[in-house]
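J.: Below are the sequence and a predicted model for it; my questions follow.
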Amino acid sequence: MENLGDILKRLGTTRSVSRDDLPPDLLECSGNGSGDCEVCGGRGWFTPDVPAGHADFGQLVTCQCRQDQMDRESSARLLRYSNLGHLTRFTFETLSPDGKSADPEDRRVFREAYDTSTLFAEQPAGWLVITGPHGSGKTHLAAAIANRCIETGKAVFFVHAPDLLDHLRA
């Protein structure tokens, strides 16, 4: 009788390497289903060849090429559902931390709002209310928070207050 491990190896369903044993350059492959990935052969997954009793024995491991593709698709989906539209260009990187005002007090207040917004974007919980006069950067800060949340995989729905109130009234 033939050993099951030998049969599976002959069928090509296992790889002779463990993910942990692979060089980093192989984990950054570009498997796109065309078979050009040296780790998974374009399948997007592989089964590590480890001894029975190992934690990864019999497990399917997502290849890095597929994981990268899934991350890009997830970000694109979150961005589509966010309702940000043209506001995707508003990020913390495109915003001056001190604002654009020439008044030192306005710059200090904006810096405080900027710092509070960056902290909120990292750990969004509860409410953050941003107030100020027209053109003070409220929308830019709010969009930057939303874009940072999307970057970290959090779902966001962006809506202007008048539009939200119209929707609630309807």
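T.: Right, received. Where do you want to start?
J.: Which residues belonging to stretch 60-74 are considered buried?
T.: The neighbour-count criterion (16 or more other Cβ atoms under 10 Å) identifies 61, 63-66, 69 as the buried residues of stretch 60-74. C-beta: built from backbone N, CA, C; applies to glycine.
J.: gap between it and the chain center?
T.: Relative to the centre of its chain, stretch 60-74 is centred 12 Å away, using Cα atoms, centre = their mean, to the nearest Å.
J.: what does the average pLDDT come to for that stretch?
T.: Mean per-residue pLDDT for stretch 60-74: 83.
J.: Dump the C-alpha coordinates for that stretch into CSV.
T.: Included here for stretch 60-74 are C-alpha records, laid out as CSV according to Å, rounded to 0.1, in the frame of the first residue of the first chain:
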residue,chain,number,x,y,z
LEU,A,60,-4.2,25.9,3.7
VAL,A,61,-2.0,28.9,3.9
THR,A,62,-2.9,32.0,1.9
CYS,A,63,0.0,33.0,-0.2
GLN,A,64,1.3,36.6,0.1
CYS,A,65,0.5,37.2,-3.5
ARG,A,66,-3.2,36.5,-2.9
GLN,A,67,-3.2,38.4,0.5
ASP,A,68,-1.9,41.5,-1.2
GLN,A,69,-4.6,41.2,-3.9
MET,A,70,-7.3,40.8,-1.2
ASP,A,71,-6.0,43.8,0.7
ARG,A,72,-6.1,46.0,-2.4
GLU,A,73,-9.7,44.8,-3.2
SER,A,74,-10.8,45.4,0.4
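J.: For stretch 38-53, buried residues please.
T.: In terms of neighbour count (16+ other Cβ under 10 Å), stretch 38-53 has its buried residues at 38-50.
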